[in-house]
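Chemist: what would the 3D arrangement of this be:
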Amino acid sequence: MKKVEIFDPAMCCSTGVCGPSVDPELTRVASAVYSLEQKEFDIKRYNLANDPGAFADNEAVNQILHEKGPDALPVTLLNGEIMKVGTYPANEELAEWLDVKADELQEKPRIRVPLKFDL
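Modeler: As a prediction, the model looks like this:
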């Protein structure tokens, strides 16, 4: 099975919905990753702020960080091979790499939020 790893820059969340404005690119990537996880693909995201060990342990990503600094992130690997540096893969690229249809990568996570009313 193919393995995709995305090494994100340091950020507070990977969904793009925190902070003063929504980042549509992060939202798209989060939906694509979620969709692939639901299909049981081996896909992982690492955040530099939360998972620094993953960056240090991966020789290729570590080398990019030493040569270009954190502005080179995100970095995407497919089976350990660098596929993208500095931008996230498009849904069409992920679909091609993993042999799925690009429109299958738009599933949104469904989260139940309990509502509490004081009457």
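
Chemist: drop to CA atoms for contacts and neighbour counts, all remaining ones
Modeler: OK.

Chemist: now stretch 63-81, how far from the chain's geometric center?
Modeler: Here stretch 63-81 is found 13 Å from its chain centre; the criterion is C-alpha atoms, centre = their mean, to the nearest Å.

Chemist: what's the average pLDDT for the longest helix along the chain?
Modeler: Counting by DSSP state H, the longest helix found in the chain is helix 24-38. Summarised as a single mean, pLDDT over helix 24-38 is 92.

Chemist: right, and the helix or strand after that helix?
Modeler: Sequence-wise, the next helix or strand downstream of helix 24-38 (DSSP states H and E) is strand 42-47.

Chemist: show me which positions of the following helix or strand past that following strand end up buried.
Modeler: Reading on from strand 42-47 to the C-terminus, the next helix or strand found by DSSP H and E is helix 52-57. Of the residues in helix 52-57, those buried under the neighbour-count criterion (16 or more other C-alpha atoms under 10 Å) are 54-55.

Chemist: now do stretch 36-52
Modeler: Neighbour counts using 16+ other C-alpha under 10 Å place 36, 41, 43, 45-48 of stretch 36-52 among the buried residues.

Chemist: hang on, the earlier thing: pull the distance from the longest helix of the chain to the chain's centre.
Modeler: The mean C-alpha position of helix 24-38 is separated from the chain mean by 7 Å, C-alpha atoms, centre = their mean.

Chemist: list the buried residues in it.
Modeler: Residues of helix 24-38 classed as buried: 26-36 (neighbour count, 16+ other C-alpha under 10 Å).

Chemist: picking that back up, okay if I get the buried residues of stretch 36-52 as CSV plus distance to D8?
Modeler: Written out in CSV, the entries for these read as follows (distance: C-alpha to C-alpha, whole Å):
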residue, distance to D8
L36, 17
F41, 19
I43, 13
R45, 7
Y46, 6
N47, 5
L48, 6
